[in-house]
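> Dropping the sequence and predicted coords here.
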There are 2 protein chains.
Amino acid sequence: MTAVTLKDVAIRAGVSIKTVSNVVRDVPRVSESTRERVLRAVRELGYRPNPSARRLRTGRSGLIALCVPDLATPYFAELAQHVRAEAAKLGLTVLIEETMGDATEELRLATGVGAALLDGVILSPLHVPLGELASASNEFPLVLLGERSYERDQVAADHVLIDNIEAAREATAHLAALGRTRIAAIGMQAHASATSRQRLEGFQRALHDAGLTYDPRLAPLVKRFDRRNGLMAMRTLTSLPPGDRPDAVFCFTDLLAVGAQRALYEAGMTIPEEVAVASIDGSEEALYSTPSLTSVIPDKAAIASLAVKCLAARIHSEEPLPFEVHLAPHRLVTRESTEGARQQVTP
Amino acid sequence: MTAVTLKDVAIRAGVSIKTVSNVVRDVPRVSESTRERVLRAVRELGYRPNPSARRLRTGRSGLIALCVPDLATPYFAELAQHVRAEAAKLGLTVLIEETMGDATEELRLATGVGAALLDGVILSPLHVPLGELASASNEFPLVLLGERSYERDQVAADHVLIDNIEAAREATAHLAALGRTRIAAIGMQAHASATSRQRLEGFQRALHDAGLTYDPRLAPLVKRFDRRNGLMAMRTLTSLPPGDRPDAVFCFTDLLAVGAQRALYEAGMTIPEEVAVASIDGSEEALYSTPSLTSVIPDKAAIASLAVKCLAARIHSEEPLPFEVHLAPHRLVTRESTEGARQQVTP
DNA sequence: ACGACGCATTCCAACGTTGTAACAGCCAGA
DNA sequence: TCTGGCTGTTACAACGTTGGAATGCGTCGT
């Protein structure tokens, strides 16, 4: 409350306000002696710069937003940790926003509401019509996570994502390699996001490579990527006529897989003997579930690092930069839900 | 970027800047005709107030921080959602911070770093020495979550929490009611937080009520409340001499329980037949785990609501308010990890 | 010895907003 | 007609900070 200002420090150190300002911002033209004197005063008084005033004057706040659909989704919570860590390295503070998949909210954030408060935004969109996003294209620094359609989309933003098609293909191919022939997919949506479409494509590609045909009845729709929808989708699959039931299932996210595993458990079916399960996300929850879940793990640290660095570059540059697409690595980790043997979680 | 200011609106509407300011803040002394004219101009130009300037002038930013140990802990992620929702009702924005249990960081936040940026802080402390917190007592609005020691602690802050002793007692009593006689506790810490101590006390009280004696070997230490520590603690318990092994375990948090269940699974032990499991948190992860986890569910919405309202009251009041302790309700929900029968998760 | 130069520091204005005080216009009552 | 009291509006200053121009001072070259 007792705000210490530059003025207080200046009086204490016997210099002008501007000199103090210069010292705290590390501008070169300050003699060593005064610098020390000022720094001592800063310490003694416990001065901390006022971000609001700074922002007002310079247009920079050091504040960026990370907008995710749902914080209670482990993947996003873990990603948020990485983003925060990465941003801290660059002296940026992260404001975490939740869109709950609301398109209006996503658009609002992407177009820089509170541009007056934020220097930039990292957005993980779910339902934003990319077209609208493109038209709302502005100079506000924006990085999109995981939502690049490979078609003719010229959204004015950088993209950071994993190769969703390839990730889905690897997971599905792994299931096929086990000899499974009726492989289901959980994660299809009526109004599919780009991520959802790409994972479906990877799924189909793997089926094709394995000489299997795509059966639409094995791809039930879900409303959201949460445990409950995974559970219900799996119930739908297990209530198919006996000959039509799947012997493996690829889930678009870990949370769907957790729900699916629960449904199999309730139906008294064994994993992976009767139904093998694989997914994408690599959350810790998947590692500890019983059985532990085979999953494609995106390199979250790399995603966070790329996104933050990208955004920082855009914030600091004067001229408009070209928009880039960065691919982060991923890797398939096989566990009990496909391998079967009771394993030990890393100690 | 193209910032629309009060001035732009004023020119457009043909009034003074101050009148526009009055209109947007709903101060009474404005005639209906000018109000409409101004509002139209606001809409046409898409004016949004600049939070930094507002903060600089008024000392209010409408920004509060929620500081939790770890966002990847489902309990805190879910709590964050409730806090955000509750804060939104009051027009407040929530900045989420992660302390990772670092005492210095906790103290820094509690004493209002960025008092210049934040109106107040909701802190869920883990390792802050309450003594230091008390001495750092200041006028900065602060609400503490779940960390009240019932002793002579006069920390200058409001507290919102559940009755930890009672919650732990209920969970343990439930285990005892199943006829279990060797009940273990996972969650003891070398340097225990108040929460940890209270849950231990409730545990011991339930043992006493059931005529059981407390065996320290059944209360292994953990470093953090995460899945990994739960797993390792359970491994310690299952490697005790056969006659000493527990037939039930009460975990201080869901995450510990998930780890414990995993350890039991790896050891080939059945839940609840050989070992029954109960915990506290009521996260969705616990509901979907196999077997589903009996847990005490704190009313997170109530906790969030109380905390935010409490903080808002403190922010808006001029005189120092008396510090209060608010207890939020909780309820025990029994599931497969103690009841055994394979149940259906609510559809 | 004098002007020119370089360097460290200071002065001034501005960022967008709001609180206070002042101001103009109007009607009621004398 | 004038005073007094409203009501609605405006002018001004200030919040803490920083960019740019201006200032002071010592040093160097001629």
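Received it, and whenever you're ready, just let me know what you need. Numbering: from 1, shown residues only, chains lettered A, B, ... in the order given.

> what's the neighbour count on residue A:89?
In terms of burial, residue A:89 registers 11 neighbours under the definition other Cβ atoms under 10 Å in any protein chain shown. For glycine as for every other residue, the C-beta is placed from the backbone atoms N, C-alpha and C.

> same question but for residue A:68, I mixed them up
There are 24 residues near residue A:68, going by other Cβ under 10 Å.

> same question, the one 3 residues further on
Residues contacting residue A:71 under the criterion other Cβ under 10 Å number 25.

> Check the spacing between it and residue B:70 real quick.
Spatial separation of residue A:71 from residue B:70 under the definition Cβ to Cβ, to the nearest Å is 12 Å.

> With residue A:329 instead?
Relative to residue B:70, residue A:329 is positioned 25 Å away (Cβ to Cβ).

> go on, residue A:102?
If you go by Cβ to Cβ, the gap between residue A:102 and residue B:70 works out to 27 Å.

> Tell me which of these two has more neighbours.
Between residue A:102 and residue B:70, residue B:70 has the larger neighbour count (other Cβ under 10 Å), namely 20 against 15.

> surely the more buried one meets residue B:101?
Yes - in this structure, residue B:70 is within contact of residue B:101 by Cβ atoms under 8 Å, at 7.3 Å.

> Check what pLDDT residue A:202 gets.
Residue A:202 is assigned 97 on the pLDDT scale.

> name the element it belongs to?
With the criterion set as DSSP states H and E, the secondary-structure element containing residue A:202 is helix A:194-209.

> contacting residues around that helix?
Contact partners of helix A:194-209, identified using Cβ atoms under 8 Å, 6 or more residues apart in numbering or on different chains, comprise A:130, A:146-150, A:161, A:164-173, A:175-176, A:183, A:185, A:187-189, A:192, A:213-214, A:219, A:250, A:252, A:280.

> Could you rerun that using 7 Å?
Helix A:194-209 has contacts (Cβ atoms under 7 Å, 6 or more residues apart in numbering or on different chains) with A:146-149, A:164-169, A:172-173, A:176, A:183, A:185, A:187-189, A:213-214, A:250, A:252, A:280.

> Select from the residues you listed every entry located in helices.
A:164, A:165, A:166, A:167, A:168, A:169, A:172, A:173, A:176 (DSSP state H).

> need the residues of the stretch 201-347 of chain A near chain B, please.
Taking Cβ under 7 Å from any Cβ of the partner chain as the contact definition, the stretch 201-347 of chain A meets chain B at A:227, A:231, A:258-259, A:261-262, A:265-266, A:284-285, A:288-290, A:342, A:344-345.

> Find the pair from those residues with maximum spatial separation.
Comparing every pair within these by Cβ to Cβ identifies A:231 and A:344 as the most remote, at 27.5 Å.

> Do a quick rundown of the helices in chain A.
Taking DSSP H as the criterion, chain A contains helices spanning A:6-13, A:17-24, A:32-45, A:51-58, A:74-89, A:103-110, A:130-135, A:164-177, A:194-209, A:227-238, A:254-266, A:284-288, A:300-316, A:336-339.

> Which of those helices sits closest to residue A:325?
Between residue A:325 and the helices of chain A, the shortest separation by Cβ to Cβ is 10.2 Å, and it involves helix A:300-316.

> Remind me what the closest one packs against, helices and strands.
Judged by 3 or more Cβ pairs under 7 Å, 6 or more residues apart in numbering or on different chains; DSSP states H and E, helix A:300-316 is in contact with helix A:74-89, strand A:120-123, strand A:142-145, strand A:158-162, strand A:325-328.

> let's go with 8 Å and repeat that
With contacts defined as 3 or more Cβ pairs under 8 Å, 6 or more residues apart in numbering or on different chains; DSSP states H and E, the secondary structure elements packing on helix A:300-316 are strand A:63-68, helix A:74-89, strand A:120-123, strand A:142-145, strand A:158-162, strand A:325-328.

> Now for chain A, the helix or strand with the poorest mean pLDDT.
In chain A, no helix or strand scores lower on mean pLDDT, DSSP states H and E than helix A:130-135, which sits at a mean of 55.

> In contact with whatever residue of the stretch 151-300 of chain A ends up closest to DNA strand D, which residues?
Per Cβ to the nearest atom of the strand, residue A:158 is where the stretch 151-300 of chain A lies closest to DNA strand D, at 25.3 Å. With Cβ under 8 Å, 6+ apart as the criterion, the residues that contact residue A:158 are A:142, A:143, A:144, A:307, A:310, A:311, A:314, A:323, A:324, A:325, A:326.

> rewinding a little: drop the exposed ones from the contacts of helix A:194-209 and show what's left.
Among the contacts of helix A:194-209, those buried by neighbour count (16 or more other Cβ atoms under 10 Å in any protein chain shown) are A:146-148, A:164-169, A:172-173, A:176, A:183, A:185, A:187-189, A:250, A:252, A:280.

> what pLDDT does residue A:7 get?
The model reports residue A:7 with a pLDDT of 92.

> Surely it and residue A:17 touch.
Yes - between residue A:7 and residue A:17 a contact is recorded at 5.6 Å, counting by Cβ under 8 Å.

> Give the residue from the two that has the larger number of neighbours.
When residue A:7 and residue A:17 are compared for neighbours, residue A:17 comes out ahead with 14 against 11, by other Cβ under 10 Å.

> what residues does the stretch 1-150 of chain A put near DNA strand D?
Taking Cβ under 7 Å from any atom of the strand as the contact definition, the stretch 1-150 of chain A meets DNA strand D at A:3, A:5-7, A:17-18, A:21, A:24-25, A:27, A:47, A:49-50, A:53-54, A:56-58.

> remind me which residues of chain A are low pLDDT?
A:1-2, A:105-116, A:128-139, A:148-156, A:318, A:346-347 (pLDDT under 70).

> can we see that at 50?
Applying pLDDT under 50 to the predicted model, the residue ranges of chain A that meet it are A:135, A:137, A:152.

> so what's residue A:314 up against?
Residues counted as contacts of residue A:314 (Cβ under 8 Å, 6+ apart) are A:120, A:141, A:142, A:143, A:158, A:321.

> what's near enough to touch residue A:160?
Taking Cβ under 8 Å, 6+ apart as the definition of contact, the neighbours of residue A:160 are A:143, A:144, A:145, A:146, A:303, A:306, A:307, A:310, A:325, A:326, A:328.

> go again using 10 Å as the cut-off
A:122, A:124, A:143-148, A:302-311, A:324-328 (Cβ atoms under 10 Å, 6 or more residues apart in numbering or on different chains).

> do the same with residue A:253
Residues counted as contacts of residue A:253 (Cβ under 10 Å, 6+ apart) are A:73-75, A:186-187, A:195-196, A:199, A:222, A:224-227, A:229-230, A:259, A:279-281, A:283, A:286, A:295.

> what do you get if the cut-off is 7 Å, keeping everything else the same?
If you count contacts by Cβ under 7 Å, 6+ apart, residue A:253 has them with A:75, A:187, A:225, A:279, A:280, A:281.

> quick one: contacts for the last one?
For residue A:281, the contact set (Cβ under 7 Å, 6+ apart) comprises A:75, A:253, A:254, A:295.

> Grab the nearest non-local neighbour of it.
Counting by Cβ to Cβ, 6 or more residues apart in numbering or on different chains, the nearest residue to residue A:281 once its immediate chain neighbours are dropped is residue A:254, at 3.7 Å.

> Pretty sure that neighbour sits against residue A:283.
Yes - here residue A:254 reaches residue A:283: they are 4.7 Å apart, a contact under Cβ atoms under 7 Å.

> wait, isn't residue A:330 in contact with residue A:300?
No - with contacts counted by Cβ under 7 Å, residue A:330 stays clear of residue A:300, the gap being 9.8 Å.

> Show me what residue A:143 is bridged to.
Using DSSP bridges, the bridge partners assigned to residue A:143 are residue A:122, residue A:158.
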